[in-house]
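Chemist: Below is the sequence, then the predicted model.
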Amino acid sequence: MEMTLVTFSAIKNKQTTILEPHKELLTELNIHFNVRMLMADEIDQITPNDFVVSFVTIGGLESLLVKQIEALNRRPLILLADNYNNSLPTTIEASAWIRQHGFKCEIVYGTNKDIISELTVLYDCYMAQRSLIGKKIGLLGVTSSLLISSGIDYLLTKRRWGVEFIDISTDEVLARYKKIRTSDIKDEVTALMEHVNLCRECSPNDIVEAIRLYYAIVELCTDYQLDTISVNCYKILETIPVTACLALALMNNKGYVVGCEGDLQSIFTMLSVKAVTGKSSFMVNTNSIDKKENEVILSHCTVGTDMTEKFDLRSHYTTGKSVSIQGYLPAIDYTVVRCGGECLDQYFVSSAHLMENTNYTSFYRTQIRLKLNASVNYFLNNSLGNHHIVVPGDCAEKLNRFFQGNSCKKVE
């Protein structure tokens, strides 16, 4: 991990003398980070990808510190303080000015262990944000007409996050689908069936056709240089009786970030989850809420099979056609998250624990009952939409820090 540490001091060219009282902290920083140290007048050497921490080493520098804000206003402002030479009071005063003038600012202070832990989280969040810049997200087919609250403004989102959305006609994937022969995919079919627990409503031909569509979507992503895509299955179903549920599950296993119904808020959330945690996730509907137990039942027709303990192949719940996934997930901690709003500037996040895999006939195929740490009243009173994203493990704090660090408003 590389860090650019900007040291603020009233005395120029005497860095060694200035930093002597802070020697213990600086030694600890160098153990955990590859530290490049700059004086305040060398701030023009900072590049956009640098993880920058501003260290106030001596008191009385409020005016000097705020003069540097303009040079750093496109990144989170991280101010490091310790107990020497009035470092902390100066940092607190400067941070108040910074926030009053509309900039995001965070003070890192505490024991050396606390400081290293905090800086590591901030480093990971900053690198995740940088990794999103220039990312392309494909929309195969239009956003489902059912998702009236899940649209985004392409231009505002690109300005805010640096991601680009690309509209792709379903004709393109259908043309590729028609060219894929059964002989091209027989090894994939064999490999899949070796891991299936049960195959219920769907036929062998349904499975073959679903894997043909999987190959077609992967080929499309390769041609467009995409690793993130949202697919509107219903647009595909208007032409062929094949859903993308199995395709998306297999692509998830391969490391793609894939979502369905053309939900762009959800696919961006999934991309953010991958950037912050390195983990795959899946999209769910909110099907049942138990306020007394603070539990929800969430479901959908696809999940990466690598996330499951076992899985069945079923028909698609809504249409009764093709193939979908009924996955049975392990009883571990999970995180429920969504980034929403027209320019993706709001979010919800909560850790949760899986209580059981349910099997209601009125819900989608993969079903999980989760006990949330946040109040389930959010879903009834302030929800950002129906769809939410589920990621294995308790990642709530890390995702909370990521979205807050990017000036998103938390909805509860």
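Modeler: That came through, no problem.
Chemist: Please count neighbours and contacts with C-alpha atoms only from this point.
Modeler: OK.
Chemist: any weak-confidence spans in the stretch 101-250 of the chain?
Modeler: Along the stretch 101-250 of the chain, segments meeting pLDDT under 70 span 143-150.
Chemist: all strands in it, in order from the N-terminus.
Modeler: Under the criterion DSSP state E, counting those that start in this stretch, the stretch 101-250 of the chain contains strands at 105-108, 136-140, 164-168, 198-199, 228-231.
Chemist: tell me the SS of L25?
Modeler: helix (DSSP: H, G, I helix; E, B strand; the rest coil).
Chemist: how much space is there between it and Q100?
Modeler: 29 Å (C-alpha to C-alpha, to the nearest Å).
Chemist: for K158, same thing?
Modeler: 26 Å.
Chemist: Those two - which one has more neighbours?
Modeler: K158 (16 against 10; other C-alpha atoms under 10 Å).
Chemist: The more buried one against I152, yeah?
Modeler: No. The pair K158 / I152 is not scored as a contact, 10.3 Å apart, by C-alpha atoms under 8 Å.
Chemist: neighbours of the nearest residue to S230 once chain neighbours are set aside, just the number please.
Modeler: Nearest residue to S230 in three dimensions, chain neighbours excluded: G259, at 4.5 Å (C-alpha to C-alpha, 6 or more residues apart in numbering). The tally of other residues near G259 (other C-alpha under 10 Å) stands at 31.
Chemist: so what's the backbone phi/psi at G259?
Modeler: Backbone torsions of G259, given as degrees, to the nearest 10, read phi -140, psi 180.
Chemist: Just the pLDDT at W97, thanks.
Modeler: pLDDT recorded at W97 is 81.
Chemist: With T90 instead?
Modeler: 82.
Chemist: Now the helix or strand hosting it: buried residues?
Modeler: In this assignment (DSSP states H and E), T90 forms part of helix 87-100. Neighbour counts over helix 87-100 (16 or more other C-alpha atoms under 10 Å) mark S87, L88, P89, T90, T91, I92, A94, S95, I98 as buried.
Chemist: and if you look at stretch 124-137?
Modeler: By 16+ other C-alpha under 10 Å, the buried positions in stretch 124-137 come out as D124, C125, Y126, M127, A128, Q129, R130, S131, L132, K135, K136, I137.
Chemist: Which residue comes closest to the third one once chain neighbours are left out?
Modeler: Spelled out, that is Y126. F51 (7.1 Å).
Chemist: For the one you found, give me its contacts.
Modeler: Contact analysis of F51 by C-alpha atoms under 8 Å, 6 or more residues apart in numbering lists E2, M3, T4, Y123, Y126, M127.
Chemist: go with 10 Å
Modeler: Going by C-alpha atoms under 10 Å, 6 or more residues apart in numbering, F51 touches 1-5, 35, 75-78, 119, 122-124, 126-127, 130.
Chemist: For N373, which of the strands of the stretch 101-250 of the chain is the nearest?
Modeler: strand 105-108 (25.7 Å; C-alpha to C-alpha).
Chemist: so what strands line up beside that closest one?
Modeler: Using DSSP bridges, the strands paired with strand 105-108 are strand 77-80 (parallel).
Chemist: What would the partner strand look like as PDB? C-alpha coordinates only.
Modeler: Only the C-alpha atoms of strand 77-80 are listed here, as PDB (Å, rounded to 0.1, in the frame of the first residue of the first chain):
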ATOM      1  CA  LEU A  77      -9.500  15.000   2.700                       C
ATOM      2  CA  ILE A  78      -7.800  12.900   5.300                       C
ATOM      3  CA  LEU A  79      -6.100  14.800   8.200                       C
ATOM      4  CA  LEU A  80      -3.800  12.900  10.500                       C
END
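Chemist: which residues in the stretch 301-412 of the chain form helices?
Modeler: Taking DSSP state H, counting those that start in this stretch, the helices of the stretch 301-412 of the chain run over residues 377-381, 396-405.
Chemist: Report all helices and strands that the longest one contacts.
Modeler: For helix 396-405, the packing partners by 3 or more C-alpha pairs under 10 Å, 6 or more residues apart in numbering; DSSP states H and E come out as helix 112-132, helix 264-277, strand 333-340, strand 346-356, strand 409-410.
Chemist: What mean pLDDT does it get?
Modeler: Computed over helix 396-405, the average pLDDT equals 94.
Chemist: how does this protein divide into domains?
Modeler: When the chain is parsed with automatic domain parsing, its domains come out as 2-132, 136-410.
Chemist: hey, which of the ones you listed is tucked in deepest?
Modeler: Counting by mean count of other C-alpha atoms under 10 Å, domain 136-410 has the highest mean neighbour count of those, with a mean of 19.
Chemist: what about the closest residue to A244 other than its chain neighbours, distance to N382?
Modeler: Residue nearest to A244 in three dimensions, not counting chain neighbours: C233, with 5.9 Å by C-alpha to C-alpha, 6+ apart. Between C233 and N382 the computed distance is 28 Å (C-alpha to C-alpha).
Chemist: Next up, the contacts around D290.
Modeler: V296, I297, R369, K371, V376, N377.
Chemist: Pick out whichever of those residues sits closest to N253.
Modeler: R369 (22.9 Å).
Chemist: Report the beta-bridge partner residues of the closest one.
Modeler: I297, E356.
Chemist: got the contact list for it?
Modeler: R369 neighbours (C-alpha under 10 Å, 6+ apart): 287-290, 295-299, 331, 352-358.
Chemist: do C125 as well
Modeler: Taking C-alpha under 10 Å, 6+ apart, one finds 76, 119, 131, 275-277, 398-403, 405-406 in contact with C125.
Chemist: Output these as CSV; include the columns distance to S169.
Modeler: Formatted as CSV, the contacts of C125 follow (distance: C-alpha to C-alpha, whole Å):
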residue, distance to S169
P76, 38
L119, 44
S131, 27
A275, 27
V276, 30
T277, 31
K398, 36
L399, 33
N400, 35
R401, 36
F402, 33
F403, 32
G405, 35
N406, 32
